[in-house]
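# How does the following fold in three dimensions:
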Amino acid sequence: MIVSMIQFIFEVPDAVNLKEKRRIIRSMKDKLQKHFHMSAAEVDLQDSIRFAQIGGALVSNSKTFGEAVCQKAFEMIEKETPVRIQDMRIYSEEF
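Numbers count the residues shown, from 1 in each chain. Reported below is the predicted structural model:
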(Lines give C-alpha, C1' and ligand atoms only; values in the text may rest on other atoms or scores of the structure.)
Protein backbone atom coordinates (compact mmCIF):
# COMPACT_ATOMS: atom_id res chain seq x y z
CA MET A 1 0.00 0.00 0.00
CA ILE A 2 1.35 3.41 -1.01
CA VAL A 3 0.21 6.62 0.71
CA SER A 4 0.93 9.73 -1.35
CA MET A 5 0.75 13.03 0.49
CA ILE A 6 0.72 16.69 -0.42
CA GLN A 7 1.26 19.61 1.89
CA PHE A 8 0.54 23.26 1.05
CA ILE A 9 1.52 26.36 2.99
CA PHE A 10 -0.11 29.40 1.49
CA GLU A 11 -1.13 32.98 2.07
CA VAL A 12 -4.78 34.00 1.87
CA PRO A 13 -4.50 37.69 0.87
CA ASP A 14 -8.26 38.23 0.53
CA ALA A 15 -9.08 37.06 4.07
CA VAL A 16 -9.95 39.86 6.47
CA ASN A 17 -10.91 37.56 9.35
CA LEU A 18 -10.78 33.89 10.35
CA LYS A 19 -14.30 33.25 9.08
CA GLU A 20 -13.35 34.33 5.55
CA LYS A 21 -10.11 32.32 5.68
CA ARG A 22 -11.98 29.18 6.79
CA ARG A 23 -14.50 29.62 3.95
CA ILE A 24 -11.66 29.60 1.41
CA ILE A 25 -9.96 26.63 3.09
CA ARG A 26 -13.21 24.65 3.24
CA SER A 27 -13.65 25.27 -0.49
CA MET A 28 -10.12 24.00 -1.18
CA LYS A 29 -10.62 20.87 0.94
CA ASP A 30 -13.95 20.15 -0.75
CA LYS A 31 -12.34 20.42 -4.19
CA LEU A 32 -9.54 18.03 -3.21
CA GLN A 33 -12.05 15.54 -1.83
CA LYS A 34 -14.54 15.78 -4.69
CA HIS A 35 -12.23 15.94 -7.71
CA PHE A 36 -9.32 13.80 -6.54
CA HIS A 37 -10.87 11.55 -3.85
CA MET A 38 -8.23 12.69 -1.36
CA SER A 39 -8.51 13.08 2.38
CA ALA A 40 -7.75 16.70 3.25
CA ALA A 41 -7.47 18.75 6.43
CA GLU A 42 -6.13 22.04 7.72
CA VAL A 43 -3.12 20.79 9.67
CA ASP A 44 -1.46 23.94 11.03
CA LEU A 45 -1.66 27.74 11.28
CA GLN A 46 -5.35 27.61 12.28
CA ASP A 47 -5.19 30.86 14.27
CA SER A 48 -3.37 32.87 11.61
CA ILE A 49 -5.61 35.08 9.46
CA ARG A 50 -3.25 35.36 6.51
CA PHE A 51 -1.59 31.94 6.36
CA ALA A 52 -2.79 28.32 6.29
CA GLN A 53 -1.44 24.82 5.89
CA ILE A 54 -3.42 22.00 4.30
CA GLY A 55 -2.45 18.37 4.03
CA GLY A 56 -3.93 15.81 1.66
CA ALA A 57 -3.45 12.07 1.33
CA LEU A 58 -4.32 9.41 -1.22
CA VAL A 59 -3.97 5.64 -0.88
CA SER A 60 -3.10 3.65 -4.00
CA ASN A 61 -0.91 0.79 -5.18
CA SER A 62 1.47 2.98 -7.21
CA LYS A 63 3.82 5.76 -6.13
CA THR A 64 3.80 7.18 -9.66
CA PHE A 65 -0.01 7.33 -9.80
CA GLY A 66 -0.36 8.83 -6.32
CA GLU A 67 2.20 11.54 -6.92
CA ALA A 68 0.69 12.35 -10.33
CA VAL A 69 -2.72 12.86 -8.69
CA CYS A 70 -1.12 15.10 -6.05
CA GLN A 71 0.56 17.15 -8.79
CA LYS A 72 -2.77 17.58 -10.62
CA ALA A 73 -4.38 18.63 -7.33
CA PHE A 74 -1.65 21.24 -6.84
CA GLU A 75 -2.17 22.61 -10.35
CA MET A 76 -5.93 22.89 -9.78
CA ILE A 77 -5.48 24.67 -6.44
CA GLU A 78 -2.95 27.03 -7.99
CA LYS A 79 -5.31 27.98 -10.84
CA GLU A 80 -8.72 27.99 -9.15
CA THR A 81 -8.23 29.43 -5.67
CA PRO A 82 -7.41 32.98 -4.49
CA VAL A 83 -4.25 32.05 -2.56
CA ARG A 84 -0.49 32.51 -2.92
CA ILE A 85 1.36 29.24 -2.52
CA GLN A 86 4.40 29.68 -0.24
CA ASP A 87 5.52 26.05 -0.07
CA MET A 88 4.34 22.72 -1.46
CA ARG A 89 5.69 19.21 -0.95
CA ILE A 90 4.63 15.89 -2.45
CA TYR A 91 5.96 12.62 -1.12
CA SER A 92 4.95 8.97 -0.80
CA GLU A 93 5.48 6.23 1.75
CA GLU A 94 5.04 2.49 1.42
CA PHE A 95 3.33 0.55 4.17
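# C-alpha only now, for contacts and for neighbours.
OK.
# if I pick residue 51, what's in contact with it?
9-12, 45 (CA atoms under 8 Å, 6 or more residues apart in numbering).
# Could you rerun that using 10 Å?
9-13, 15, 21, 44-45, 83-86 (CA atoms under 10 Å, 6 or more residues apart in numbering).
# One more: residue 29?
38-42, 54-56, 77.
# cool, residue 5 as well?
38-40, 55-59, 66-67, 69-70, 89-93.
# in the host helix or strand of residue 76, what counts as buried?
Using DSSP states H and E, residue 76 sits within helix 63-80. Residues of helix 63-80 classed as buried: 63, 66-67, 69-71, 73-74, 77 (neighbour count, 16 or more other CA atoms under 10 Å).
# tell me the two of these that are most distant?
Maximum pairwise distance among the buried residues of helix 63-80 (CA to CA): 21.1 Å, between 63 and 77.
# what stretches of the chain score poorly on pLDDT?
Counting by pLDDT under 70, the chain contains no low-confidence residues.
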